[in-house]
Each structure stands twice: as C-alpha cells, then as structure tokens.
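Enquirer: This is a predicted model, with the sequence first.
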Amino acid sequence: MKILARQLTLDLYNCETNRLGVVEEIKDTLKSVIGSEPRLTSEAIDENHCSIVGAFAEGHIALHVYKELRYVAVDIFTCTESDNSEELAKVIRKFFRPDKIKSTFLKRGDFGQEREIKPKIKVRVAPLRRVKNAGAKVVKKLVRRGK
C-alpha cells in the first residue's frame with residue numbers, strides 16, 4: 001500500500017550545552033540540508049526553551065530546544081517518495097551530539113491493515129558516554145566509602 005507521508009521523531013538527551021543556545025546556527029544547519037529554501041521561524045518560549053519551525057515544499061520540521069534539560073525534541077514530516085528525513089536527522093544528531101537518542105518512525109496516511117500501524121522505535125546510546133558514566137559512578141562510590 002502506498003503511504004502519503006512519513007514522520008520521524010527524535011528525542012535527543014544530554015546534548016552538548018554549547019550547541020543549545022545558538023538558534024541562528026541551528027537554522028543555518030537545517031537550511032544546508034533542506035534542498036528548497038525553508039521558511040524557518042524561531043520563538044523563545046522562555047530563557048530555557050525555544051522552538052524552531054520550518055516549512056518547505058516536501059513537508060515541515062519542528063524542534064523544541066530545552067537548554068536546562070540538555071534535551072531536544074525533533075519532528076520531521078516529509079510527503080515525498082524520496083524520503084530525506086534520515087539524512088536530516090543525521091545532520092541534527094551531528095550538530096547537537098547527544099548521549100542518547102530515541103527515534104520513532106511513523107507511516108502517515110497508510111490505509112493498510114490495523115496491525116501495520118505500530119511505529120518503529122530505536123534507542124541508541126553513545127558508547128563513549130557509557131564508559132564515562134560508568135567511571136564516574138565508580139569514583140562516586142569509592143569517595144563515599146572513603147568518608
């Protein structure tokens with residue numbers, strides 16, 4: 001069954017803090033990937049939360065950046081046969097450099113059977129971050145025992 005559109009959602013956890021407050025740099029990065037000129041708008045909700053929304057010929061993108069939480073929520077919606085959402089997701093992941101990523105892929109407008117409606121979910125954790133976190137936990141426990 002042919003589907004009308006695809007939606008990729010990303011949850012980026014523990015992003016690099018120096019990348020979270022540069023809205024214009026984020027917008028430039030998005031424009032470099034999207035072929036047509038996107039109409040990107042940004043809005044500062046408060047000092048720790050901003051949103052960036054962009055519409056382009058093949059769909060739209062929305063980002064919510066939470067500086068204090070070091071978290072970014074991304075929605076990429078495309079409605080073309082050649083799906084470039086994964087390429088855009090790679091650029092976004094490379095820009096924010098998160099420790100953990102949860103991605104969900106949805107087929108929108110799929111008029112197939114009900115059992116095919118379930119989204120595909122992937123979770124990835126940066127291997128180097130796992131090692132750093134484990135080492136920090138060991139040091140904390142050793143310090144507590146030494147007191």
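Expert: Received the coordinates, thanks.

Enquirer: residue boundaries of the helices in the chain?
Expert: All helices of the chain, identified by DSSP state H, fall at 23-33, 85-96, 127-146.

Enquirer: out of these, nearest to Phe105?
Expert: helix 85-96 (8.3 Å; C-beta to C-beta). The way it works is simple: take the backbone N, C-alpha and C, and place the C-beta from them, glycine included.

Enquirer: what's the offset of the closest one from the middle of its chain?
Expert: With C-alpha atoms, centre = their mean, to the nearest Å as the basis, helix 85-96 stands 7 Å off its chain's centre.

Enquirer: Show me what counts as buried in it.
Expert: 85, 88-89, 92-93, 95-96 (16 or more other C-beta atoms under 10 Å).

Enquirer: got a markdown table for these, with pLDDT and distance to Ala57 too?
Expert: Shown next, in a markdown table, are the buried residues of helix 85-96 (pLDDT from 0 to 100; distance: C-beta to C-beta, whole Å):
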| residue | pLDDT | distance to Ala57 |
| --- | --- | --- |
| Ser85 | 78 | 14 |
| Leu88 | 83 | 14 |
| Ala89 | 87 | 19 |
| Ile92 | 88 | 19 |
| Arg93 | 89 | 24 |
| Phe95 | 88 | 23 |
| Phe96 | 89 | 25 |
